[in-house]
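> attaching a predicted model along with its sequence, questions to come.
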Amino acid sequence: MSESAITVTNLTKRFDDVTAIENLSLDIGWGELFGVLGPNGAGKSTLVNTLNTLLKPTDGSATVDGHDVEFDPEAVRGVIGVCPQEPAFYRFLTGQENITLMGEMHLVPEAVLKERVRAMVEKIGMEDHINRRAKDYSGGMIRRISMLMALVNDPKIALLDEPTVGMDPNSRRAVWDFIRELKSRGKTVILTTHYMEEAQELCDRVAIIDEGHLIELGSPAELIEKHKAKNLEEVFLNLTGKQLKEAV
Amino acid sequence: MNARRIIALTKKELRKTTREPAVLFLVILFPITVTFVFGLAFGGIGGGGTTSFDVGLLNLDATSPQADWSLAFVDNLTTSDVFVMHAFADNDSGHSALLQGNLDAFIIIPEGFGDSVASYYGSPFDPSAWTNSTIELYVDSGSLMAVSAIPPLVQEALMKAIFGNDAMAIGLPVEIGSPGLVESSTFTQWDFMAPGMFAFASIFLTMIVAQTITGERDEGLLKRLKTTPASSADYMISQTASYMVIAALQVALVLTTSFAIGYRPGTGVAGVVFTFVIAVAFSLVAVGFGLISATLCKSAEAATGVSFIFIMPQMFLGTFMPLGGAAEAISKFVPTKYVTEAITTLFLRGAPITTPVIWINLAIVSLAGLLLVAVGTVLFERYGSH
């Protein structure tokens, strides 16, 4: 096992003329629940998509469990579980079949897979719906299934890109419990979110990114104290809102 | 590349076939429906017997002193198994019946017909002494079969009327043997079309592949798979494998439906097995064209339209459509032509499984399929998967 779960060193990612991430460096430890916060277009998803090997760095590097995302993507894919921002699932398959298919992609042994899917589904409260076709699910159900699809391989590192967007409070709480349980089992979780309350509630540390730059890093408590704010939302607004006003 | 991943992705694709109504129709119901309807329309059901034509007749020479000649001619027409004769009292009503499609042909025997024949027998070697007359024959131009079949049959009846039955057998030192090698006496149009149905049924796989791949790309499923250890090869092989299974299923459906409506191919078990093999090889062509369509398009809807660029030539230049001239030359570049040619050789001509041409056809289809899948995969990976 490498020293850090994720190491990002001077990472830059450009799309033609647009710089999505510039010179970003991060070090995320094993077992950490790490939040990536930022306004729309800040570069959160670009960071996650670089870590999950979908994007190649323009400059700098990133390693996941010691494997370079650019030069050893197969090894990276073996240790991560990815929950994309837009839930991607096969509409004609049932929830159970969708989750099982992802487990098969990771070559989870059949007996283990069957039991794991059952336990995960129970934990997230979808036992009664799991054999329905996914096209018939509500938005919240789809997001929950999408998260189970990401975690069915019991990954060392989970990359969850805004997993609770559009969920009702009950579903969100269920997902939070699930994420906490991942952490309690020593998993490293990278969570991007728009919900400051969620980040404050769950994360050990958060990175606030704006316009591709890391503008703040620390635990929610540290940041609240440092900025003399009431909560993380106020910290976020102070940092990103002020910059926005200056830019205007 | 891993067998378990390939099998899982193949099962996923086959589940789609049974669960998505549009795919289910194109893959399963379409071959059954088309085979049944075409079989019905082109003689597969109740076909193979004697074809008959409704022929109208106006005999303007029926009351002349030499009426026996025209009556003999009419008698020859009437006793033929091929013609069902309908007498008309005037020209207009006969033409009207022909225009309305109630008749396949209308014959007018002119006044003086008997005199013409009598004048011939009066001076058989002096044409200048003959009294000429002309039988008017109108054929339904809307029926290709009537146009080609009726004139020679009427001519035959006329010759018998004038010269008798013996006149039809001319003694020659050389004769043409009976065409025993190719049995065709009870064939219907369906027998000629049926071999083309096997390629026809699989043509739309191109559209389904294009729709599937663009749909999975648009919905982020390809990206999702790319974040797992599954490789592009796992995905492409599973796609190809699932459409090979579907193509084999389609052959079984076309064959079963054809058999149910009375079609009996002129081949044995080996020929049927060969048909499965060449149809499965053809599914590679469909996957290749589907990948190329998906590369060219940004949405599943656009891919559906673009896939027809590949479907239409396969449909019209390589299945059961009659070809000639430039179309025949172009069809040499259409893979379905080789599928149909091989199956026709087995099913219609009754050629043995060892006939070299069918194996050459299989080799051409297989090579074309492998080449198209390779080209489609490279193009899609490079330009279409993002």
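Great, that's in hand. Keep in mind it's a predicted model, so treat the numbers as computed, not measured.
> residues from chain A in reach of chain B?
Counting by CB under 8 Å from any CB of the partner chain, chain A comes close to chain B at A:52-54, A:74, A:77-78, A:80, A:82, A:84, A:86, A:88-90, A:92-93, A:97, A:101-102, A:104-107, A:133, A:149, A:153. For glycine as for every other residue, the C-beta is placed from the backbone atoms N, C-alpha and C.
> buried ones among those residues?
Neighbour counting by 16 or more other CB atoms under 10 Å in any protein chain shown classes A:52-54, A:77-78, A:80, A:82, A:84, A:88-90, A:92-93, A:97, A:101-102, A:104-107, A:149, A:153 among these as buried.
> give the buried residues for the helix or strand encompassing B:Phe38.
Element membership of B:Phe38, judged by DSSP states H and E, is helix B:30-41. Using 16+ other CB under 10 Å as the test for burial, helix B:30-41 gives B:Phe30, B:Pro31, B:Ile32, B:Thr35, B:Phe36, B:Phe38, B:Gly39.
> now do stretch B:303-322
Going by neighbour count (16+ other CB under 10 Å), the buried part of stretch B:303-322 is B:303-304, B:306-307, B:310-311, B:313-315, B:317-320.
> which residues of the chain fall in strands?
Went with chain A since none was named. In chain A, the segments counted as strands under DSSP state E are A:6-15, A:18-28, A:33-37, A:59-64, A:67-68, A:80-83, A:157-161, A:188-193, A:205-210, A:213-218.
> think we crossed wires, I meant chain B
B:53-59, B:83-87, B:105-109, B:136-139.
> which one of those lies closest to chain A?
Nearest to chain A among the strands of chain B is strand B:53-59; the distance by CB to the nearest CB comes to 52.6 Å.
> so which residues make contact with the longest helix seen in chain A?
Assignment by DSSP state H gives helix A:169-184 as the longest helix of chain A. Contacting residues not belonging to helix A:169-184 are listed as A:31, A:33, A:123-125, A:140, A:143-144, A:147, A:151, A:158, A:160, A:163-164, A:167, A:189, A:191, A:198, A:201-202 [CB atoms under 8 Å, 6 or more residues apart in numbering or on different chains].
> one more: stretch B:117-136?
Contacts of stretch B:117-136 (CB under 8 Å, 6+ apart): B:66, B:69, B:107-113, B:115-116, B:154, B:158, B:161-162.
> for the record, mean pLDDT for it?
Average pLDDT, stretch B:117-136: 89.
> which other helices and strands does the helix holding B:Phe38 contact?
Applying 3 or more CB pairs under 8 Å, 6 or more residues apart in numbering or on different chains; DSSP states H and E, we find helix B:30-41 packed against helix B:189-202, helix B:232-260.
> and among those helices, the most buried is which?
helix B:189-202 (a mean of 24; mean count of other CB atoms under 10 Å in any protein chain shown).
> give the rounded mean pLDDT of it.
Helix B:189-202 comes out at a mean pLDDT of 84.
> so it versus helix B:30-41, what angle?
For helix B:189-202 against helix B:30-41, the angle by axes from the mean of the first three to the mean of the last three CA atoms, to 10 degrees is 170 degrees.
> how much distance is there from helix B:189-202 to the middle of the chain?
Centroid separation for helix B:189-202 versus its chain: 6 Å, with CA atoms, centre = their mean, to the nearest Å.
> contact partners of that helix?
Contacts to helix B:189-202, defined as CB under 8 Å, 6+ apart, come from residues B:30-31, B:34-35, B:38-39, B:42-44, B:47-48, B:247, B:250-251, B:253-255, B:258, B:263, B:265, B:275, B:279, B:282-283, B:286, B:314-315, B:318-321, B:336, B:339-340, B:343-344, B:346-348.
> repeat that for 6 Å
B:31, B:35, B:39, B:42-44, B:47, B:247, B:250-251, B:254, B:258, B:263, B:279, B:282, B:319-320, B:336, B:339-340, B:343-344, B:347 (CB atoms under 6 Å, 6 or more residues apart in numbering or on different chains).
> show me what from chain B comes close to chain A.
Applying CB under 6 Å from any CB of the partner chain, we find that chain B lies next to chain A at B:5, B:8, B:12, B:16, B:19-20, B:219-221, B:223-224, B:227-230.
> switch to 10 Å and redo it
B:2, B:4-5, B:7-9, B:11-13, B:15-20, B:23, B:215-216, B:218-231, B:234-235, B:386 (CB under 10 Å from any CB of the partner chain).
> where in chain B is the helix or strand with the lowest mean pLDDT?
Among the helices and strands of chain B, helix B:325-330 carries the lowest confidence by mean pLDDT, DSSP states H and E, at a mean of 80.
> same for that one, what does it pack against?
helix B:300-318 (3 or more CB pairs under 10 Å, 6 or more residues apart in numbering or on different chains; DSSP states H and E).
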